[in-house]
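K.L.:
Fold the following and give me the result.
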Amino acid sequence: MATTRTERDSLGEVPVPSGALYGAQTQRAVDNFPISGKRFPRRFLQSLGIVKKSCALANEDLGLLDTARAEWIIAACEEVIDGTWDDHFPIDIFQTGSGTSTNMNANEVISNRAIQFMGGTVGTKEPVHPNDHVNMGQSSNDVIPTAIHVSGAVAIAEDLIPALQHFHDALDAKAQAYDGIYKSGRTHLMDATPIRLGQEFSGYAAQVAHGIRRAQAARDALLELALGGTAVGTGINRPAAFPAKAIAHVSHETGLPFVEAPNHFEAQAARDGVVEAHGQLKTIAASFTKIANDIRWLGSGPRTGFYEIRLPEIQPGSSIMPGKVNPVMSEMLTMVAAQVMGNDVAVNFGGAGGNFELNVYLPMMALNLLESVQLLANGARTFTDRCVVGIQANEEICQASVERNLAICTSLAPVIGYDAAAGLSKKAFKTGQSIREVALEQGVLSAEQLDRLLDFHAMTVPSEG
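P.N.:
Below is the predicted model:
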């Protein structure tokens, strides 16, 4: 049977598991919020450790925290950053809207670990107090928003942007490789004028290039930090120099140019930066949906679809139909996009939910932001490696589709007129002939003129003059 120790907080005594590094306030939150089983992700806990370490360094720089306590608090923070004590952060995401429970969870874990380093007894709050020392110059109301911005910006910089670059490079390679393959274009899902397969893929590559720019903008929207506002934005109980010093340490730890928010009342009362950042992620998700849908359509078949490209066969597609292979990577990526779009709704609602000096949807917004970054990054990298890289062009099918395309009559219209060209198209459709065959049969143009006007390459570039 598990044993407990008794701890006290301002509300009285609380039994806490004897092996836990957290204390009374964390245990109360565990008991109060048995909601989803979802906890703060690794990226957030890493960033929370960075924030606490940076604050300890700043307080030591300012002479407010003695070197002995600072040394062991910083050592404990390093372990939190490394993930050593993730199991000691048990609180559900759906908790107090400020994240106070999780801030105190960090304070208690860091305090107790520092106490162990200093030869003391866990739970005594001596010689390192969770509030007086670990939380010095801070409030949950500025620490949690800061940790959200730090974790989001770092995740975008380290995970999403490199994954998008990887995705872009693979699409761009296909665009160049397929630049000489002509096929039918399609608008409204109907036949349209010819296009090169490489041009189609260049469009996908450009979407992802824009996605990289959007991810960079999302990262930059999170660079202002609320740290230093303490309870309501006024900075009560912290020295004037504290936020600049602490944030400089955060920047050093992460390699990102974080700055103190110019207005702490905005930085704590609103979460507009998170809403803005996630809006960029939603746009990236929309791009992913377009690309993944097009690729699965282009690979549809093999007998009754387009089948203009061959998708890698990575797993059997049916438990009943032998030999069937499905576009599972496209299905994965579109589900990723759908989840990110759903997350955006929650983030928007949370961002609109500030009351006076504090937003109280912080844990939920943190979870959705970080989940979306992770989903997009993992989805992009997996789709690239297990689908895009292995795509092969079906040149014969592409060529056949453009030869029989009725929309190539468009290139004849400047010479014979729109109505005459439309007549050729209708006749060709009724008879099953090609545009070239009908035009020759009706004698509207010579074979030489048709060779010049029905040049597929010329149809895929702007007219000269």
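K.L.:
hey, where'd the helices end up in the stretch 201-350 of the chain?
P.N.:
242-254, 264-269, 272-298, 328-351 (DSSP state H, counting those that start in this stretch).
K.L.:
In JSON lines: those, plus mean neighbour count.
P.N.:
Every C-beta, even on glycine, is put in place using the N, C-alpha and C of the backbone. Shown next, in JSON lines, are these (neighbours: other Cβ atoms under 10 Å):
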{"stretch": "helix 242-254", "mean neighbour count": "21"}
{"stretch": "helix 264-269", "mean neighbour count": "21"}
{"stretch": "helix 272-298", "mean neighbour count": "22"}
{"stretch": "helix 328-351", "mean neighbour count": "19"}
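K.L.:
Please produce TSV containing the ones you listed, extended by distance to Glu158 and mean pLDDT.
P.N.:
Listed next are the helices of the stretch 201-350 of the chain as TSV, based on distance: least, Cβ to Cβ, whole Å; pLDDT from 0 to 100:
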stretch	distance to Glu158	mean pLDDT
helix 242-254	9	98
helix 264-269	24	98
helix 272-298	15	98
helix 328-351	18	98
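K.L.:
Distance to Ser434 for those helices - can I get that in a markdown table?
P.N.:
Putting the helices of the stretch 201-350 of the chain into a markdown table (distance: least, Cβ to Cβ, whole Å) gives the following:
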| stretch | distance to Ser434 |
| --- | --- |
| helix 242-254 | 61 |
| helix 264-269 | 65 |
| helix 272-298 | 23 |
| helix 328-351 | 32 |
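K.L.:
of those, which approaches Leu225 most closely?
P.N.:
Closest to Leu225 of those is helix 242-254 (Cβ to Cβ; 5.5 Å).
K.L.:
which helices and strands does that closest one pack with?
P.N.:
When contacts are defined as 3 or more Cβ pairs under 8 Å, 6 or more residues apart in numbering; DSSP states H and E, helix 242-254 packs onto helix 42-61, helix 140-155, strand 224-225, strand 259-260.
K.L.:
That one: how far from the chain's middle?
P.N.:
Chain-centre distance of helix 242-254: 25 Å, with Cα atoms, centre = their mean, to the nearest Å.
K.L.:
quick one: contacts of it?
P.N.:
Surrounding helix 242-254, the residues in contact under the criterion Cβ atoms under 8 Å, 6 or more residues apart in numbering are 50-51, 53-55, 57-59, 61-62, 137, 146, 150, 153-154, 225, 227-228, 235, 257-260.
K.L.:
what about Leu223, distance to His210?
P.N.:
In this view, Leu223 and His210 are 21 Å apart by Cβ to Cβ, to the nearest Å.
K.L.:
Could you work out the end-to-end span of stretch 264-281 for me?
P.N.:
Stretch 264-281 has an end-to-end distance of 26 Å (criterion: Cα to Cα, to the nearest Å).
K.L.:
start at 17 instead
P.N.:
Renumbered: residue one is now 17, and that last one reads stretch 280-297.
K.L.:
what distance separates that stretch from the middle of the whole chain?
P.N.:
That offset, for stretch 280-297, works out to 16 Å (Cα atoms, centre = their mean).
K.L.:
okay, and for the stretch 67-216 of the chain, where does confidence drop off?
P.N.:
Scanning the stretch 67-216 of the chain for pLDDT under 70 picks out nothing.
K.L.:
all strands of it, in order?
P.N.:
Per DSSP state E, counting those that start in this stretch, the stretch 67-216 of the chain has strands spanning 198-203, 206-212. These are given in chain order.
K.L.:
angle of the shortest one against strand 206-212?
P.N.:
Between the axes of strand 198-203 and strand 206-212, defined by axes from the mean of the first three to the mean of the last three Cα atoms, to 10 degrees, the angle is 140 degrees.
K.L.:
Good, wrapping up.
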